[in-house]
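Asker: output the structure for:
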Amino acid sequence: MALGYAKSCLIGALLECIVYGLYFTVFSQTLLILRRKLIPGVVSIYLTATSLILFFLITLRLVLDNKAAVEAFADDPLTPNAAEKYYTNFGNGAMFRTGTYIALTIIADLFIVYRVFAIWSRSILATLGPFLLAVADISTQPIYVYILTLLLIGYHGY
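Answerer: Numbering: from 1, shown residues only. This next block holds a predicted model:
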C-alpha cells in the first residue's frame, strides 16, 4: 500500500527532526572550531556568518515543517482527508516554507563555490562546475515558485 502525500510529509518532518539533531551537534562543533582558530580577517567573519545564516534557515525550515504537520493533522480532525487538503493547498504557508528552502539552497551553493575556490588555490577553472550548478539552481527557483502558484488545491501530481 502506497503512502499518501500527507503521511509522507509527516514522515519527512519526523526524519528532519532526527537529522536536525545530528546537524545541531555538527554545528556546535563548527562554532567551537571557528572560535578556536579565530584569525583576524574577513575570511573568518564570512565563515562564521555563513554558518549562522545556514543554521538559522535550517532551524526555521524545521519549525515551519513541524508547524505544518501539527496544523495538518490536528486542526480539523473531523474533516475527511483534512491533512491531504492542507498539504496540497499551496498558499502563503507553503510558499514561505518553499522560500526558506530556496534561500538555504542558494546560500549553500554559493558557499560551495567559495570553498572550492579557496581549496583549489583560487583557481577559477576549478570553480566553473560548482558555479554553473549554482547559476542553474538560482535560475530555476523562480520557475519552481511559479509552478507552485499554478497548482490547484487537492492536486497530487499523479
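Asker: now Arg122. Its backbone dihedrals?
Answerer: Per-residue torsions, Arg122: phi 60, psi 40 (degrees, to the nearest 10).
Asker: any idea how far Thr48 lies from Thr30?
Answerer: Shown here: Thr48 relative to Thr30, a distance of 9 Å by C-beta to C-beta, to the nearest Å. Every residue, glycine included, has its C-beta placed from N, CA and C.
Asker: oh sorry, the question was meant for Glu71
Answerer: The gap separating Glu71 from Thr30 is 32 Å, by C-beta to C-beta.
Asker: how about Gly91?
Answerer: Separation of Gly91 from Thr30 (C-beta to C-beta): 35 Å.
Asker: which one's more surrounded, the two?
Answerer: Thr30 (15 against 10; other C-beta atoms under 10 Å).
Asker: helices along the protein, start to end?
Answerer: 5-36, 42-74, 82-87, 92-119, 124-150 (DSSP state H).
Asker: quick check: which of the ones you listed is buried the most?
Answerer: helix 82-87 (a mean of 20; mean count of other C-beta atoms under 10 Å).
Asker: could you list every helix and strand in contact with that one?
Answerer: helix 5-36, helix 42-74 (3 or more C-beta pairs under 8 Å, 6 or more residues apart in numbering; DSSP states H and E).
Asker: nearest approach to Phe96 belongs to which of those?
Answerer: Proximity to Phe96 (C-beta to C-beta) singles out helix 42-74 among the helices and strands packed on helix 82-87, at 6.7 Å.
Asker: how about the nearest residue to the spatially most central residue of the chain, chain neighbours excluded?
Answerer: In the chain, the C-alpha nearest the mean C-alpha coordinate belongs to Tyr101, at 3.4 Å (C-alpha atoms, centre = their mean). Excluding its sequence neighbours, the residue lying closest to Tyr101 (C-beta to C-beta, 6 or more residues apart in numbering) is Arg61, at 6.3 Å.
Asker: residues contacting that neighbour?
Answerer: 16, 97, 100-101, 104 (C-beta atoms under 8 Å, 6 or more residues apart in numbering).
Asker: understood, closing this out.
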